[in-house]
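Trainee: sequence and predicted structure, then a few things I'm wondering about:
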Amino acid sequence: MTELETLERAKMYLEKLANGINPIDGSVIPDGDIVNHVRISRCFFYVSDVLRQVIENGGVTAQERDRKAPFSLTLGQREAFEFSAIPIPISEIAKRINALSPNENMATLPYSAIRDWLMSLGMLDYALDGNGKKAVRPTPQGESIGIGLEARNGPNGPYFVVVYNLAAQHFILDNVDAIADYQSRRLENEGQPWSPEHDSSLLDLHRTGVPVKEIAATLRRRTGAVRARLKKLGITEQAAQADSDIPG
């Protein structure tokens, strides 16, 4: 059972107790039981609503979200970046960027933030690979700044990895503030209540076959929050089959 499923189970138990129902066997709890005291019932309803907000936020509480400061680097830290003469994947670039700051109270910059920012500039896009699966690929614009493909061999045969040469690494580091700002704005609705307008947009995007990751980017929420909201609205996991993160 996943953490979200555990939270949903706990929420269901509390709601049943708040309504005077035994969550184990579904029987009605006697009126004289302490569980049916109005103050206890109100507490159950309150905690259940708190769990609802956590579930809709993908299992992240506001306190956890606000605990760390936004990602940033000083000029001196940027100058210490270890550039590679050999093209490297975006995950390695993100790893080297995050290693520049020893501040444990600051959020990290995920590789997906760099990838999504490059996609917003039209330098990366999704395309079908040789197996008919969707994969991130550089566009001609991305190739012009030094983003390319590297063939590799794995247990399941050959595959391609998007790599970044020295010029592309400089481009990313020179724009690290813009990437961090993009990441911050991309999640500006995180933790906010779902309005009828957002629900309508969510359902419209889902009906037209937009992947969950792209819905999350459009609505500026986390993918976990989008999945939880779809389930809340009666969309099954199979119908709302989400994209897995695709390294780029």
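Mentor: Yes, it's here.
Trainee: for the biggest helix by length in the chain, buried residues please.
Mentor: In the chain, taking DSSP state H as the definition, the longest helix is helix 38-56. Buried positions in helix 38-56, judged by neighbour count with 16 or more other CB atoms under 10 Å: 44, 47-48, 51-52, 54-56. No exception for glycine: its C-beta is placed from N, CA and C like everyone else's.
Trainee: in JSON lines: these, plus distance to Asn103 and pLDDT.
Mentor: Supplementary listing: those in JSON lines, determined by distance: CB to CB, whole Å; pLDDT from 0 to 100:
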{"residue": "Phe44", "distance to Asn103": "40", "pLDDT": "82"}
{"residue": "Val47", "distance to Asn103": "34", "pLDDT": "86"}
{"residue": "Ser48", "distance to Asn103": "37", "pLDDT": "78"}
{"residue": "Leu51", "distance to Asn103": "32", "pLDDT": "78"}
{"residue": "Arg52", "distance to Asn103": "33", "pLDDT": "77"}
{"residue": "Val54", "distance to Asn103": "27", "pLDDT": "75"}
{"residue": "Ile55", "distance to Asn103": "30", "pLDDT": "74"}
{"residue": "Glu56", "distance to Asn103": "30", "pLDDT": "67"}
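Trainee: I'd guess Asn131 is in a helix, am I close?
Mentor: No. Asn131: not assigned to a helix; according to DSSP: H, G, I helix; E, B strand; the rest coil it is coil.
Trainee: number of nearby residues for it?
Mentor: For Asn131, the tally of surrounding residues (other CB atoms under 10 Å) stands at 9.
Trainee: go on, Leu124?
Mentor: Using other CB under 10 Å, Leu124 is surrounded by 23 other residues.
Trainee: quick one, what contacts the nearest residue to it once chain neighbours are set aside?
Mentor: With sequence-adjacent residues excluded and distances taken as CB to CB, 6 or more residues apart in numbering, Leu124 is closest to Leu118, at 4.6 Å. Contact partners of Leu118, counting by CB atoms under 8 Å, 6 or more residues apart in numbering, are 124, 142, 147.
Trainee: in helices only, show me those.
Mentor: Secondary structure from DSSP H places Gly142 of the contacts of Leu118 in helices.
Trainee: now the contacts of Leu118 in JSON lines, with pLDDT and distance to Asn175?
Mentor: Below are those laid out as JSON lines (pLDDT from 0 to 100; distance: CB to CB, whole Å):
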{"residue": "Leu124", "pLDDT": "94", "distance to Asn175": "14"}
{"residue": "Gly142", "pLDDT": "97", "distance to Asn175": "14"}
{"residue": "Ile147", "pLDDT": "98", "distance to Asn175": "14"}
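Trainee: okay, the contacts of Leu118 in JSON lines with distance to Leu14 next?
Mentor: What follows is the contacts of Leu118, written out as JSON lines (distance: CB to CB, whole Å):
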{"residue": "Leu124", "distance to Leu14": "44"}
{"residue": "Gly142", "distance to Leu14": "49"}
{"residue": "Ile147", "distance to Leu14": "50"}
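Trainee: ok, the contacts of Leu118 vs Pro23, which is closest?
Mentor: Proximity of those to Pro23, judged by CB to CB, is greatest for Leu124, which lies at 47.5 Å.
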